[in-house]
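[1] next come a sequence and a model predicted from it.
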Amino acid sequence: MTTSYRLSEIAARLGGRVLGDAGVRISQVATLEAAQPDQISFLTNSKYRAQLADTRAGALILAEADADVSGLPRIVSDNPYAYFARVSALLNPLPEVKPGIHPGAVIGAGASIDATASIAATAVIGDGAKIGAHSVIGEGCCIGANTVIGSHARLYPRVVVYHGCVIGDNLIAHSGAVIGSDGFGIAMDAGRWIKIPQIGRVVIGNDVEIGANTTIDRGALSDTVIEDGVKMDNQIQIAHNVHIGAHTAIAGCVGIAGSTTIGKYCRIGGSAGILGHLQIADHVEIAAFTLIGKSIREAGSYAGIFPFSRAEDWRKNSVHLRHLDELAGRVKALEKQLESISDESLKKQ
Amino acid sequence: MTTSYRLSEIAARLGGRVLGDAGVRISQVATLEAAQPDQISFLTNSKYRAQLADTRAGALILAEADADVSGLPRIVSDNPYAYFARVSALLNPLPEVKPGIHPGAVIGAGASIDATASIAATAVIGDGAKIGAHSVIGEGCCIGANTVIGSHARLYPRVVVYHGCVIGDNLIAHSGAVIGSDGFGIAMDAGRWIKIPQIGRVVIGNDVEIGANTTIDRGALSDTVIEDGVKMDNQIQIAHNVHIGAHTAIAGCVGIAGSTTIGKYCRIGGSAGILGHLQIADHVEIAAFTLIGKSIREAGSYAGIFPFSRAEDWRKNSVHLRHLDELAGRVKALEKQLESISDESLKKQ
Amino acid sequence: MTTSYRLSEIAARLGGRVLGDAGVRISQVATLEAAQPDQISFLTNSKYRAQLADTRAGALILAEADADVSGLPRIVSDNPYAYFARVSALLNPLPEVKPGIHPGAVIGAGASIDATASIAATAVIGDGAKIGAHSVIGEGCCIGANTVIGSHARLYPRVVVYHGCVIGDNLIAHSGAVIGSDGFGIAMDAGRWIKIPQIGRVVIGNDVEIGANTTIDRGALSDTVIEDGVKMDNQIQIAHNVHIGAHTAIAGCVGIAGSTTIGKYCRIGGSAGILGHLQIADHVEIAAFTLIGKSIREAGSYAGIFPFSRAEDWRKNSVHLRHLDELAGRVKALEKQLESISDESLKKQ
């Protein structure tokens, strides 16, 4: 059942320069440590060259600069990590899914499902929803009324997309993701919260991936927008009217508050947070566990993490944080005192 | 299909004073920037008055203080934001749901479902559960045995309520919410964790909203309690035996540890945390990303956020946090030295 | 319907020394404050002895050191908290589940389901999956193709396990948990992210508990591994290739980044985070809200929490964090100045 390719066949499909025995058969990708003779591994950083010595891999993917550090059959590529990703996709195609609607699925009135799409058992497609060509809607997914999903989407079991959302092609959404739930909009009136109807949509571009149990709220008045190529890990929370620029990557557990706009090609570390109504420029990198409380106008790396230490040291040090202003004041006072002493010394001299 | 109302009809239903042409027809709410001539917008803060100049809105909702800043048809209200919420609810009624039990739902023995309630396809209602009048149980929801849900509840697809919970009227629960799962109770015994059965319930009052993928654990011995009017955003974690006071609002990704009691009318910012067994007073406001590690006895605003900066500045500055106690000691030493120098100077004089 | 046991019967089953009336009938466990005469309570910390005075409990569980602090019927145990857990399990057995496959479940080709297992309505078992003896698969659960689940598992409604995972005996998984979703693996290539196929599995040992809406990603190349006895609370995110040692307990909302290895018997506080590719030793305790950014080689307690205060104090103090390096520099300058003054003073003397 396993596919295998000669090194020459891989290069013919994916490019790259073959060195050594181009006839070696490769059936899987693996790490340098774990690779077997029928497997291909890769080196993305020259500083790990030493690990090549012990590998049992049958072939390697190497950067131009490392082309000659091994005598194993190898493919030389400009971008070995991306090349490895392509080889892995070649060797590990997604399991084929039978097109058609499972009899245990529930299809709403006026829903339009492409003949090449697959709707699994217990999935529910709402009235007037559209599912594009070759898209796979997994078990227990619910697609809301009038929502449109493009082609080649893959929704794993139990994804919910609320009504009226618009999603491009090639979406990957993992189990438990919720797209289009109400934003958190409430108004206080005479001691009670009144709900503000959330009448915007979620609009998602092409080539977006959404992790397990990630939530993306619909807009309050206008839309929440996720541009092309955005990649999101698990358990991310995107509030209403957030706009995320193309090709931005967001690690797990990040929370982004309402109406914030994030640029293109940003990278946001795990468990970071971004407050609402902010602007984040393109190419901004935010460290894990950092709260962004003001707009960022310039590309670059930003961080704000409290460093950990042994608990007893943390206790001793952190107590001063509540008196930092006083401490700074005392340093200032010392500087003044010393200055006046020096002045006096000068006068005396 | 769109509803529309004359300004006079809106005021007749919702109160407020009409100025200008009361006959203008309004079919939707919108922001000042996006509003069209058949839409109504609002101004909640006088400092944004300048934005009124360019709006194409057909009408406005204004505070008494701003009553005359525009010549557009307008409704003057004590609380323009709440008024806007009511207008939006009027113009955007929830889609009507057909009462009755979908043949693809699974209903347990002895379950009692009001004739006006709606149970969607693939929903499962446990033995002895009760669903109140006009409540809507969405696709894939599971209601545990003997759980009671009041009237006018709206459970979006894939909400789970475990057995034996009690929920009041007007609940809104978004997809992926889990209510009544076991609290995290374990006891270490001879090198192994033993599970402590979680025999309490979750008891929820009236008018509560629960966001997507939020989790509320059942009590260990007594109950977890959510009082009337509590509003919770997405991905919040409420541990066992937490008690949340009425009308408290909690933003996304907040975690509240076991047995903590939170007062009424609190506001908790996104990704904040509250440790277990604490007491938080009424009217406490907690900033985003803040960990509350001690009880708060007085109303007010509390915060504890590490400020972000450029990564290189953060690195330079944060290294000192591990030596803050030493730094404070050095300042103290300097003060003593200076004092003794001053003393000597005095003696010399 | 309630079970009850005499104190003597409890001790006969669970051990411990009975003092006082061994014939008292006990039907439930409760806190000291809430306990009724037919209920048993417990004291795990001698400093709460005063609370014994007012309890209406019919019996107590006490440590050897507290054996004589009450005249109530009592069981004396080495570990009263674990003993209480066992009594509670005795008095609160899980509801019996009827073995068999509900007609509303969907079973894949070649799936193997033990005759004593129970598969609920709307559950979906993938092709070639195996479900062990006495395991209960709740409503709306999806078990992927070729996944193996051991005996006595209990999956609450809407748990998803992707294809090809391996899970031991006695798993408890709460609603919304997702096991085996793709890790977050992407490679940048010419301005676009390419997906790296996630071909590893999730491998879970025996006696593991997984909280509601917790996510555990499958490995990228090799497996994500959860060893025996690991206990996880709600909304935890475990990234690809993480390895968690036996009997480690993790509180809610924790995020663990890719390829990190955590030792045995660790305890990780709520909302803590651990960066990727780190090693955490056995018996490490991590405080809530702490980010671990470097490997920890020694057992012990670690923390890194920014202390909260009134918002105005926080504002005043935290502003100095952006100038901490400068402040430290000024202290150093002061020390030098003072030293040179002292040197001069010495010369003068």
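    On my side now, so go ahead.
[2] just the pLDDT at the residue of the stretch 201-349 of chain A found nearest chain C, thanks.
    Closest to chain C within the stretch 201-349 of chain A is residue A:308: 3.2 Å, counting by C-beta to the nearest C-beta. Glycine gets a C-beta too; all of them are placed from N, C-alpha and C. Note on residue A:308: pLDDT of 97.
[3] the nearest residue to it once chain neighbours are set aside: how many residues sit nearby?
    Spatial nearest neighbour of residue A:308, excluding adjacent residues (C-beta to C-beta, 6 or more residues apart in numbering or on different chains): residue C:304 at 3.2 Å. Look at residue C:304: counted by other C-beta atoms under 10 Å in any protein chain shown, it has 26 neighbours.
[4] doesn't residue A:309 make contact with residue C:304?
    Yes: the criterion here is C-beta atoms under 8 Å, and residue C:304 meets it with residue A:309 at 6.6 Å.
[5] what about stretch A:4-23, average pLDDT?
    According to the model, stretch A:4-23 has a mean pLDDT of 97.
[6] all helices for the stretch 201-349 of chain A, in order.
    For the stretch 201-349 of chain A, the helices defined by DSSP state H, counting those that start in this stretch occupy A:311-318, A:324-348.
[7] which stretch among the ones you listed comes nearest residue A:279?
    Nearest of those to residue A:279, taken as C-beta to C-beta: helix A:324-348 at 29.4 Å.
[8] and the contacts of the closest one?
    Contact with helix A:324-348 is made by A:320, B:327-328, B:331, B:334-335, B:338, B:341-342, B:345, C:316-321, C:323, C:327, C:330-331, C:334, C:337-338, C:341, C:344, as judged by C-beta atoms under 8 Å, 6 or more residues apart in numbering or on different chains.
[9] hmm, try it at 6 Å
    Helix A:324-348 is contacted from outside by B:328, B:331, B:334, B:338, C:316-317, C:320, C:327, C:330, C:334, C:337, using C-beta atoms under 6 Å, 6 or more residues apart in numbering or on different chains.
[10] stretch A:249-263 too?
    A:231-245, A:248, A:267-282, B:252-253, B:270-271, C:237, C:255.
[11] what about stretch A:235-243, start to end distance?
    By C-alpha to C-alpha, to the nearest Å, the extent of stretch A:235-243 from end to end equals 18 Å.
[12] is chain B contacted by it?
    Yes: residues of stretch A:235-243 are located near chain B by C-beta under 6 Å from any C-beta of the partner chain, namely residue A:237.
[13] so residue A:243 touches residue A:227, yeah?
    No: proximity of residue A:243 to residue A:227 does not meet the contact threshold set by C-beta atoms under 6 Å, at 7.8 Å.
[14] so which bits of stretch A:57-66 are buried?
    A:57-63, A:66 (16 or more other C-beta atoms under 10 Å in any protein chain shown).
[15] of these, just say which sits nearest to chain B.
    residue A:63 (26.4 Å).
[16] and the closest residue to the closest one other than its chain neighbours, how far is that from chain B?
    Using C-beta to C-beta, 6+ apart and skipping the chain neighbours, the partner closest in space to residue A:63 is residue A:80 (5.2 Å). Separation of residue A:80 from chain B (C-beta to the nearest C-beta, to the nearest Å): 27 Å.
[17] for PyMOL, what selects the buried ones among the contacts of stretch A:249-263?
    Only the buried entries of the contacts of stretch A:249-263 go into this PyMOL selection, using 16+ other C-beta under 10 Å:
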select buried, (chain A and resi 231+232+233+234+235+236+237+238+239+240+241+242+243+244+245+248+267+268+269+270+271+272+273+274+275+276+278+280+281) or (chain B and resi 252+253+270+271) or (chain C and resi 237+255)
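[18] ranking helices and strands of chain A by mean pLDDT, which lands last?
    Every helix and strand of chain A was ranked by mean pLDDT, DSSP states H and E. The lowest is helix A:324-348, at a mean of 84.
[19] and that helix, how far from the chain's centre?
    51 Å (C-alpha atoms, centre = their mean, to the nearest Å).
[20] next, the buried residues of that helix.
    Those would be A:324, A:327-328, A:330-331, A:334-335, A:337-338, A:341, for helix A:324-348 by 16+ other C-beta under 10 Å.
[21] now residue A:300: closest residue in space, sequence neighbours ignored.
    residue B:310 (6.1 Å).
[22] cool, residue A:216 as well?
    For residue A:216, the spatially nearest residue (C-beta to C-beta, 6+ apart) is residue A:238, at 4.4 Å.
[23] on the pLDDT front, check the one you found for me.
    98.
[24] these two touch, right, it and residue A:214?
    No: Residue A:238 is beyond contact range of residue A:214, at 7.6 Å (criterion: C-beta under 6 Å).
[25] give the residues shared as contacts by the two.
    The contact lists of residue A:238 and residue A:214 share no entry, where a contact means C-beta under 6 Å, 6+ apart.
[26] mind giving me the domain ranges of chain A?
    A:5-91, A:100-302, A:311-348 (automatic domain parsing).
[27] how about the residues of the stretch 1-150 of chain A near chain B?
    Residues of the stretch 1-150 of chain A lying near chain B (C-beta under 6 Å from any C-beta): A:106, A:122, A:124, A:140, A:142.
[28] neighbour count, pLDDT and secondary structure for those - can I get that in CSV?
    Below are the residues of the stretch 1-150 of chain A next to chain B laid out as CSV (neighbours: other C-beta atoms under 10 Å in any protein chain shown; pLDDT from 0 to 100; DSSP: H, G, I helix; E, B strand; the rest coil):
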residue, neighbour count, pLDDT, secondary structure
A:106, 22, 97, strand
A:122, 30, 97, coil
A:124, 27, 98, strand
A:140, 32, 98, coil
A:142, 30, 98, strand
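[29] okay if I get these as a markdown table plus distance to residue C:92?
    Listed next are the residues of the stretch 1-150 of chain A next to chain B as a markdown table, based on distance: C-beta to C-beta, whole Å:
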| residue | distance to residue C:92 |
| --- | --- |
| A:106 | 37 |
| A:122 | 32 |
| A:124 | 35 |
| A:140 | 30 |
| A:142 | 34 |
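[30] please tell me how far the spatially most central residue of chain A sits from chain B.
    By C-alpha atoms, centre = their mean, chain A has its centre lying nearest to residue A:232, at 2.9 Å. Distance, residue A:232 to chain B, by C-beta to the nearest C-beta: 13 Å.
[31] surely that residue is in contact with residue A:210?
    Yes: using C-beta under 6 Å, residue A:232 is in contact with residue A:210, at 5.1 Å.
[32] my read: residue A:240 touches residue A:184, true?
    No: applying C-beta under 6 Å, one finds residue A:240 not in contact with residue A:184, separated by 7.2 Å.
[33] thinking again about what came up before, tell me which two of the buried residues of stretch A:57-66 sit farthest apart.
    A:58 and A:63 (19.1 Å).
[34] for stretch A:126-141, which positions count as buried?
    Buried residues in stretch A:126-141, counted by 16+ other C-beta under 10 Å: A:126, A:128-132, A:134-141.
[35] list the contacts of that stretch.
    A:97, A:108-114, A:116-123, A:143-159, B:140, C:124, C:140, C:142.
[36] you'd agree the residue nearest to residue A:63 is up against residue A:44?
    Yes: applying C-beta under 6 Å as the test, residue A:80 and residue A:44 come out as touching, 5.3 Å apart.
[37] so for those two, which residue has more residues nearby?
    residue A:80 (23 against 16).
[38] can you give me every residue that contacts that one?
    Here residue A:80 is in contact with A:42, A:44, A:61, A:63 (criterion: C-beta under 6 Å, 6+ apart).
[39] give me that answer again for 8 Å
    With C-beta under 8 Å, 6+ apart, residue A:80 has these contacts: A:42-44, A:61-63.
[40] which one of the residues you listed is nearest residue A:205?
    Nearest member of those to residue A:205, counting by C-beta to C-beta, is residue A:44, at 28.4 Å.
[41] would you enumerate the residues in contact with that closest one?
    Residue A:44 neighbours (C-beta under 8 Å, 6+ apart): A:63, A:80-81, A:84.
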